[in-house]
Each structure stands twice: as structure tokens, then as C-alpha cells.
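Asks: What would the 3D arrangement of this be:
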Amino acid sequence: MADELSSALNQLSKQIATVNSNVVLTNTNILVAQGQIVITQKEVEVNRQRIAELQRYVAQFRKEQQKLAALQRAITEIVRVNQDYAKMFGKYEEVRNNMLGILQSTSKNLVKTETINRIAEELLLATPGYWLSPCVVALSAWISGDSALVQRALDEALARNADNTAPLMALVCRRNKRIEASNAWLMFYLKRQSANKISRGLMLFINAYVNGLFGAPDSRVDDIVNYWIEDLAGGGDGNSAQFKDFESRQKENWKKNFIATKDGNVRPMAESIPNLLKFSKDDLSTVCEYIDRQNTTPIISNYFDKIINFVIDDKERDEIGHALDEYLMNLASDVDPEEVSLKQERDYYLLVKKYEGDEVLAKKQIEREREKREKYLRPVNFMDLLEESVAGYNDEGTKNESERRIAVKFTKKYIQGGYDEFIDESKVAYPNKVSATVCDIKSDVKGRDEQTSFIQKIKDKFEQQKAVELAAIKPGAMFILGIIMLAAGLIFSVVLAISKNGVAVVTVGVAVAGLVMMVLAKKKEKERKNAVIKTYDDLIASGTKIVIALTNEFELLSAAIAKVSNVEKLNIMTRI
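Replies: From the prediction side, this is the model:
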């Protein structure tokens, strides 16, 4: 039995050893496999990097190929487009170049009159439909002093394109300090504009005009701009839904502006007359509000004085002048609508060539040039601009004063309406006296006589009430008991004394106690009367103090009324 057990154990040990050997072998295989996996992962990463690099190379190669193809196409197309453009619009570009040359040369007095005349005549004949050609002729005739030719050329230019000719000539005249002529052209230009088609360029003209870059103000120009506003406010060109509330909105906004000015700058009159507001049922709150609003008028007046007297500094004047010159050059160099498509195509191919086939850069440059060309042509909402320029009326320094001046100048009708509502909606008749109720006594508050009468009424009332209460105060039961005890004690003491039985201590004690009770009762009675007297004296003093305060406050109110009565209602229409 033991041999069998030993044999079994040996056999089991061998099997365990075999299993251990297999486990060790398996672990070794796992480690080898893991190492192979790590090597494989590294190879995968290397291959991934190689593929990415190859993809970048291919993408760059394709990009270069595309750029090369674009460059070759551009070089080929430039020849064609140049030929087409030169054939169809070559003289147009020559007109623009010569106009720019004339503008630059005349500003430096470097051009010869005969040269200008020759160029102008040639280009006019070569471009029978281009608006800028007769402008060149007009300028050349102007320089040479041929007024008849100037007029004929301008008539032709206006017939071809008045909306470009008018601003061009206005700017040329301004540049050459012909202010009267410049104003005339400005007015002609403005008259042709639609209220609903106002551009940034037109706003530039208005800004320059308001700030004196076209000379002294001209009421005719003001009338034109005011007509636009009236047209828009009345629903110009059928847009009544957009503008029908403009007038009421403007008035309401300005009234709110003025109320904010009052709240931020004027000490409320109500703070000076708290007793009048407390003891009087008269409508003094409205009176106080009206006084406060009247006191706001000088502040409002000072604000508009700043607007009226505002003068742009040299830096801003130069900036506006530079913008006008830029607009002039844009007008002189801008292409005619019929040549835009071909001109853009030519410019695009030239830029593709310049950027060595990079079409993305070429398109970006085309877009930048388009934005620059259309800078002054973009439409603006004139009414929104006016409203935005005066929004935040009380925020000093947060707005462009030049734009604010434009907005105020051309919305003064609505500003006046807002101011009138601001003043008139709280307007009341100023009182020459006030009724007040103090201590349930109603009387007038006005001057010292009324004060004396009011105080006397209060005194009479409380003196009468005091007398009644004092009369009602009696000694009381304690005092009567004291009398009885005193009398009883004295009587018994006398009886005992007569009967010669001596005076009993008890009877004397009763009498003394009665006397003490009488004294205490009288003291208490006096204290009650003094309390009543003090109460009514305090009421009289308090009432008197209130009446005096009411009189003093009414004097303050009257003085404030007298002060604001001398304040003239602001007439914005005639001041701006």
C-alpha cells in the first residue's frame, strides 16, 4: 500500500514539473511575442510618418502643379484679355490715367495748358460714351480759361452721368479753393440723391459740409437734408412701415434724455420741502417736478451750445480732407459699369501672374481692391445713423462729436418736440399759497401773517383742550379719605381732651395719616396736571415748529418759482 502511494506521489511530482516547465516556456513565448509586437508598432509608426510625409509631398506637388497650371493659364489669358480690354476700353483707362495726372499735376502747378488741351481733345473723340472724358475736357478748359468750353463739356458730362460728375466737380472745386462753385456742385449733387439711397460717400459730403470744409453753412443744403428726413419720416418711397414711428420715437428718446439729465444733475425740489409735501394735500409733487425740469433747461442749453460751437481740430479736419481726396481719386479712377467684368478678369490674371499662380492670394487681393473701390458706395441707413449718433446723449466723450453735430443739426425738429413734451407735460399753475393741515387744523401757508394766524389757531385749540382736561382732574378718593381721617382724628382728640381722659395716640395717628393722605393726593393731582400741561405745551410747540417749517419751505418754493419763471423756454429750432 505504501509503495503504491509513493509511486503515485512520484508520478504527480513529475506531472507538476512538466506543467511548470510548460508555464516557463509559455512565459518565454509571451515575452518574445510582446517584443515582436513592440517592434511591429514601431515599424507601423515609422510607416505612418513616411505615408504622412509622402501625402504632404504629393499635396505640395499637386499644389505646385495647380499653381503652375494657373500661372500658365494666366499668362495665356492675359494676352487675350489685354487685347480685348485695349480694344474695347483702352481709351477709358487712358482717360482715367490722364484725369489722375491732371489732378496731381494741377495741384502742383506742373502741367502745361497746351498739353492738357491736346490730351483732352484726343480722349473726348476716342471715348464718345464715357462720362469722365468731358470732365477732362472741362478741367482742361477751366485751366486754360475757356469758360464757354467748360460749360459745354460739363453739360455733356452731366448728360452722360450726373451722379458721378457732380461730386467730382464739387471735390475738384474744393481742392482748388473755389468754395462758392464747390457749394453749388454740392447742392446740385444732393438734390439728385434719394432719401433711401444714401451712401457712405454722401455721408462724407454731409460731414464735411457741416464741419465747414465746403465753406460757410448754406440754408439750401440744410433744406435738402431736412427734406430727406421728412421724406423718410413720412415713409419715403413707400417705406412707411419702417419710418412711420420715427418722429414719435425721436421725441420720446429726447424726452428720456432730458429726464435723465434732470435726474443726474438737478437736486429735486421735493427734497427741500418735505413738510409741505407731508402736511399739504395740494399737488405740490407736480409743481416740484415742473421746477426741476425748468432748472434743467440751462443744462440742456449748455449742451447744445457745445454742439453749436463745436469746431473740429486740425487733425480731424485733415482726416476729413484726406477722405474727400481719397473719394475724388476713387471717382477719377473707378471703372465704368460696362467694363467692370472684363477689367476684373484682367486684374485677376495679372495678380495670378504676380503671385506665381497662387489663385487664393489673387482672389483675396481682388476682394480687397473691390472693398476699397466700393468703400464710399456702400449704402447706409440714414435714420439709424442719426439715432445712433445721439444715443447715449448723457455719456460725454463716448460719441464722435462731428457725427453728433450732424445728427443734432438735422433732427432739431424732433429734439424741440421732445423738449416741449419734457417741459409741458408737468406744467402747472404756480401756487401763491398752500393749504396745510397740522394737528387737524387746516389753514393757509404763505407768509408771516398766515404763520402767526396758523400758530394761534393751534394754541387756541390746545389751550381749550388743556383747560378742559385740567378742570376734569379732581383730588380723588384718597384726598377725601384723608380729610375724613384728619377730621375724625381731630374730633376724637378734642372729645378726649374735653373729657379729660387725655389724647389717645391712635386718634392723633389717624389725624396725621389723614393729613399725609391729603398731601400725597394733592401731589399726585399736581403731577397729573403738570403732565397734561406738558403734553399740550409739547403739542403746541410741535405744531408751531411744523408751521414755521411750512412757512420757510413755502418761501423756498416761492423763491424757486421766481427763479424758474425767468427761465426762457429753449428754442432749439433757432439755435442750431
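Asks: can you pull out the helices in the stretch 1-150 of the chain?
Replies: Under the criterion DSSP state H, counting those that start in this stretch, helices of the stretch 1-150 of the chain are mapped to 2-108, 113-126, 132-144, 147-175.
Asks: Mean pLDDT lowest where, among the ones you listed?
Replies: For these, mean pLDDT drops lowest on helix 113-126, to a mean of 69.
Asks: quick one: residue 249 is in a strand?
Replies: No. With DSSP: H, G, I helix; E, B strand; the rest coil as the criterion, residue 249 is located in helix rather than a strand.
Asks: Now do it against residue 69, distance only.
Replies: 59 Å (C-beta to C-beta, to the nearest Å). The way it works is simple: take the backbone N, C-alpha and C, and place the C-beta from them, glycine included.
Asks: Compare neighbour counts for these two and give me the winner.
Replies: residue 249 (15 against 11; other C-beta atoms under 10 Å).
Asks: Which residue ranges of the stretch 401-550 of the chain form strands?
Replies: All strands of the stretch 401-550 of the chain, identified by DSSP state E, counting those that start in this stretch, fall at 434-438, 441-445.
Asks: For the first one, what does the pLDDT average out to?
Replies: If I follow you right, that is strand 434-438. 90.
Asks: got it, and the last one?
Replies: Confidence over strand 441-445, taken as the mean pLDDT, stands at 89.
Asks: which helices and strands does it pack with?
Replies: The contact analysis (3 or more C-beta pairs under 8 Å, 6 or more residues apart in numbering; DSSP states H and E) places strand 441-445 against strand 434-438, helix 448-472, helix 505-565.
Asks: out of those, nearest to residue 254?
Replies: helix 505-565 (20.5 Å; C-beta to C-beta).
Asks: Between strand 434-438 and the closest one, find me the angle.
Replies: Relative orientation of helix 505-565 and strand 434-438, computed by axes from the mean of the first three to the mean of the last three C-alpha atoms, to 10 degrees: 160 degrees.
Asks: Past helix 505-565, which element shows up next along the chain?
Replies: Toward the C-terminus, helix 505-565 is succeeded by helix 572-575 as the next helix or strand (DSSP states H and E).
Asks: packing partners for that following helix?
Replies: Packed next to helix 572-575, using 3+ C-beta pairs under 8 Å, 6+ apart, are helix 284-309, helix 412-424.
Asks: what's in contact with the last one?
Replies: Counting by C-beta atoms under 8 Å, 6 or more residues apart in numbering, helix 412-424 makes contact with 226, 247, 250-255, 257-259, 290, 293-294, 296-297, 300, 408, 569-573, 576, all of which sit outside it.
Asks: Pull out the buried members of those residues.
Replies: 226, 247, 250-251, 253-255, 257-259, 290, 293-294, 296-297, 300, 408, 570, 572, 576 (16 or more other C-beta atoms under 10 Å).
Asks: give the contact list for residue 288.
Replies: 268, 269, 270, 273, 277.
Asks: re the thing from before, out of the helices and strands packed on helix 572-575, indicate the one that is most buried.
Replies: Neighbour counts (mean count of other C-beta atoms under 10 Å) averaged over each of the helices and strands packed on helix 572-575 peak at helix 412-424, with a mean of 20.
Asks: coming back round to it: hey, least reliable of the helices and strands packed on strand 441-445 by pLDDT?
Replies: helix 505-565 (a mean of 79).
Asks: What angle do strand 441-445 and it make with each other?
Replies: Using the same axes, to 10 degrees, helix 505-565 lies at 40 degrees relative to strand 441-445.
Asks: Which strands or helices does helix 505-565 pack on?
Replies: Using 3+ C-beta pairs under 8 Å, 6+ apart: helix 505-565 touches helix 274-279, helix 284-309, strand 434-438, strand 441-445, helix 448-472, helix 477-498.
Asks: who's in contact with the following helix or strand past the longest one?
Replies: Per DSSP H and E, helix 284-309 leads on to helix 314-333 as the next helix or strand towards the C-terminus. Identification of contacts with helix 314-333 by C-beta under 8 Å, 6+ apart yields 96, 99-100, 103, 132, 164, 167-168, 171-172, 174-175, 201, 204, 207-208, 211, 213, 312, 372-373, 375-376, 402.
Asks: try 6 Å
Replies: With contacts defined as C-beta atoms under 6 Å, 6 or more residues apart in numbering, helix 314-333 is touched by 96, 99, 100, 168, 171, 201, 204, 208, 213, 376.
Asks: got it, and stretch 266-275?
Replies: So stretch 266-275 is contacted by 288, 291, 292, 295, 296, 549, 550, 553, 556, 557, 560 (C-beta under 6 Å, 6+ apart).
Asks: For that stretch, which residues meet the burial criterion?
Replies: 266, 269, 270, 272, 273, 275.
Asks: got the CA positions of it in CSV?
Replies: The C-alpha trace of stretch 266-275 is given here as CSV (Å, rounded to 0.1, in the frame of the first residue of the first chain):
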residue,chain,number,x,y,z
VAL,A,266,-30.7,118.7,-10.6
ARG,A,267,-31.3,118.4,-6.9
PRO,A,268,-35.0,117.6,-6.6
MET,A,269,-37.1,120.4,-5.2
ALA,A,270,-39.1,117.9,-3.3
GLU,A,271,-36.1,117.3,-1.0
SER,A,272,-36.3,121.0,0.1
ILE,A,273,-40.0,120.9,1.1
PRO,A,274,-40.6,117.6,2.9
ASN,A,275,-43.1,119.1,5.4
